[in-house]
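Chemist: can you look at this prediction? I've put the sequence above it.
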Amino acid sequence: MAALEIAGLRKEFGGVIALAGVDISIESDKIVGIIGPNGSGKTTLFNVVAGVHKPTAGRVTWQGKDITGKSAYRIARAGLVRTFQQAMSYPGLSVRENVRIACEHGRRREHGSKQKWSSPEEILDFVGLRGLEDALAGSMPFGNLRRLGVAVALGANPILLLLDEPAAGLNDSETSELSQLILQFPKLGIGICLIDHDMYLMGTLCERLVVLNFGTKIAEGPPDLVLNDPKVAEVYLGGEI
Amino acid sequence: MAASAENSSKEKIVAAVAIGLFLVIFPWLNPGYRYLSLAITTGITAIALYGLGLQFGQAGIMSVGHAAFIGVGAYTAAILSGNVGAGFWVALPFSILLSAFIAGLVGLPSLRVSGQHYIIITFCFCALLNIALTNGGAFTGGATGLDVGSIDRIFEINFDQLRNAYYLVILALFICVVVIYLIINSSYGRTLNAIRENEPLARAVGINANLHKIGVLMVSGALAGVAGILQAYYLHHISPALYGPFPSLYLALMVMLGGARLIYGPLVGAIIVNFLPEIMRLDPIDSRIAYGVGLLIVILLLPGGVSAGLFGAYRWLMSKRQQ
């Protein structure tokens, strides 16, 4: 059974229907991608799943438990952690403190389980921010801020990580470094669900793609099938005149 | 690197011991009645300021109605003493708990609004409490307020003697500084910083931001309660005017002048605002102008407050000397 089950999820903002009943299941040992044009409801999906917004209707089940409408912090503590589209950090605190705060909260490590990381420094080492521990987060260039965002999320000890456009604003070499990093997560027992507009990145990283358009799922499957689906091409390139 | 860290912690201890020693021997430096009583007022104010400094400096929640919570502490003590004859030591926990509780209640809107919107709410609460106290009839003593007796003697110490009152306030201040220092340097302090710096991110890594916001406001309220009961028993008389919006603005001024984030900030702020007009012999109108100008200068030039400015200047001097 999939770790995260989204069933009939609907979200309306006033008269705008951001999600019109979406069903997706996501495993916690795979990399699953969510694509779709701007305004198709991808970020809203993350926000509703992570507890930032309450859904209008539908159910979100995490590891067999109903988490629909639960507070963001409870969902994070249950091991379902998200990152933000705008590279977010605690700008006035050091890089080390940024990660340390996440380590002190987040999912409690089960008794006797093997710890992935014993310290914030180890996480920073893993994401490639070694030597910058004492830098102020707010003073870092954008690429490093993206890495820090991932490090903070890792600090919260996730089972499934929701990455919202992790490659947005990165150049090609930074993007390929990031994708190398993301590819390692399933080996560490962390599932990934990511949103991005970079089709090449999504095609190489993801085992499965979900396509959203106007709040509805229009396609789902392996990347080569989905990206060659005429419905998907129509959404991105426009239909025949 | 390690040596400098060791140095700085050594410097911190030296500074703490020096300040502590000065505060302990102050009454023996022949300060006279005026300066000693001013020192007591300053100490009482500083206790409340440490609460305000914690909520503003660490959690980023400013208040311009903080005198209201001092008032809750003071009036709790006065009403308990007048109606059931409870003395200082009996009333102390009630003052602390009630101030904390009310501060938590007033903090509830902070879960929905933040920044200047919440500041306005604190201001309104302060003004409202003032109206309630003024119109409370015999229960609150109306505009004239209530009389308060003396602190019960323990070990035959008479706290009506200025020097003994001073030491009691300094002891309370010391406990309060230690508590605040421990909070700032604990994981709880980091949690508050996370909420101040980026609340959505804090929630996203599992921080129960609502709980901690109300929690820090209650800690702050508790300290205001301590300040309130000390003030009531020191002045022997309290009235609503002491806890109105204007005194609240002074508290906000002191915290910003001194610097909210550093451990000596609130103390520095309280000392500057209470002692400077006296030393410079400014009349009340002139001193208000001086505060306004001083606050502008601090906001523009020393955003971290005077304490951070002094600390920075010291660091700069040290690095010059080493070169």
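Modeler: Looks like it came in fine. The structure presented is a predicted model; accordingly, all values stated were derived computationally and were not measured.

Chemist: near chain A, which residues of the stretch 101-250 of chain B show up?
Modeler: B:187, B:190-191, B:193-194, B:196-198, B:200-209 (Cβ under 8 Å from any Cβ of the partner chain). (Each C-beta comes from the backbone N, C-alpha and C, glycine too.)

Chemist: from these, which would you call buried?
Modeler: With burial judged by 16 or more other Cβ atoms under 10 Å in any protein chain shown, the buried subset of those is B:190-191, B:193-194, B:196-198, B:201-209.

Chemist: pick the one among these closest to A:Ile34.
Modeler: B:Ala204 (17.9 Å; Cβ to Cβ).

Chemist: any idea how far that closest one is from A:Arg82?
Modeler: Distance of B:Ala204 to A:Arg82, given as Cβ to Cβ, to the nearest Å: 6 Å.

Chemist: list the strands paired with the strand or helix carrying A:Gly21, with their directions.
Modeler: For A:Gly21, the element it lies in under DSSP states H and E is strand A:16-26. Neighbouring strands of strand A:16-26 in its sheet, by DSSP bridges, are strand A:4-13 (antiparallel).

Chemist: which ones are touching B:Ala132?
Modeler: By Cβ atoms under 8 Å, 6 or more residues apart in numbering or on different chains, the contact set of B:Ala132 is B:Thr140.

Chemist: show me the shaky parts of chain B.
Modeler: For chain B, the stretches flagged by pLDDT under 70 are B:1-8, B:323.

Chemist: what about 50?
Modeler: B:1-4 (pLDDT under 50).

Chemist: so which elements touch the top helix by length along it?
Modeler: The single longest helix within chain B, with elements called by DSSP state H, is helix B:209-235. Contacts defined by 3 or more Cβ pairs under 8 Å, 6 or more residues apart in numbering or on different chains; DSSP states H and E place helix B:209-235 against helix B:32-53, helix B:67-84, helix B:88-107, helix B:162-184, helix B:187-197, helix B:199-204.

Chemist: and these, which is most packed in?
Modeler: Using mean count of other Cβ atoms under 10 Å in any protein chain shown, the stretch among the helices and strands packed on helix B:209-235 with the largest mean neighbour count is helix B:67-84, at a mean of 25.

Chemist: angle of it against helix B:88-107?
Modeler: In terms of direction (axes from the mean of the first three to the mean of the last three Cα atoms, to 10 degrees), helix B:67-84 departs from helix B:88-107 by 140 degrees.

Chemist: centre of the chain to helix B:67-84, how far?
Modeler: 17 Å (Cα atoms, centre = their mean, to the nearest Å).

Chemist: please name every helix or strand in contact with it.
Modeler: helix B:32-53, helix B:88-107, helix B:116-134, helix B:137-140, strand B:146-147, helix B:209-235, strand B:237-238, helix B:245-258.

Chemist: wait, which of those is closest to A:Cys193?
Modeler: Per Cβ to Cβ, nearest to A:Cys193 of these: helix B:209-235, 24.2 Å.

Chemist: tell me the buried residues in that closest one?
Modeler: Within helix B:209-235, judged by 16+ other Cβ under 10 Å, the buried ones are B:209-210, B:212-235.

Chemist: so is stretch A:58-73 next to chain B?
Modeler: Yes: interface with chain B: stretch A:58-73 contributes A:Ser71, A:Ala72, A:Tyr73 (Cβ under 8 Å from any Cβ).

Chemist: any residue of stretch A:97-111 touching chain B?
Modeler: Yes: legend: contact between stretch A:97-111 and chain B by Cβ under 8 Å from any Cβ is shown at A:Glu97, A:Arg100, A:Ile101, A:Ala102, A:Glu104, A:His105, A:Gly106, A:Arg107.

Chemist: that'll do, ta.
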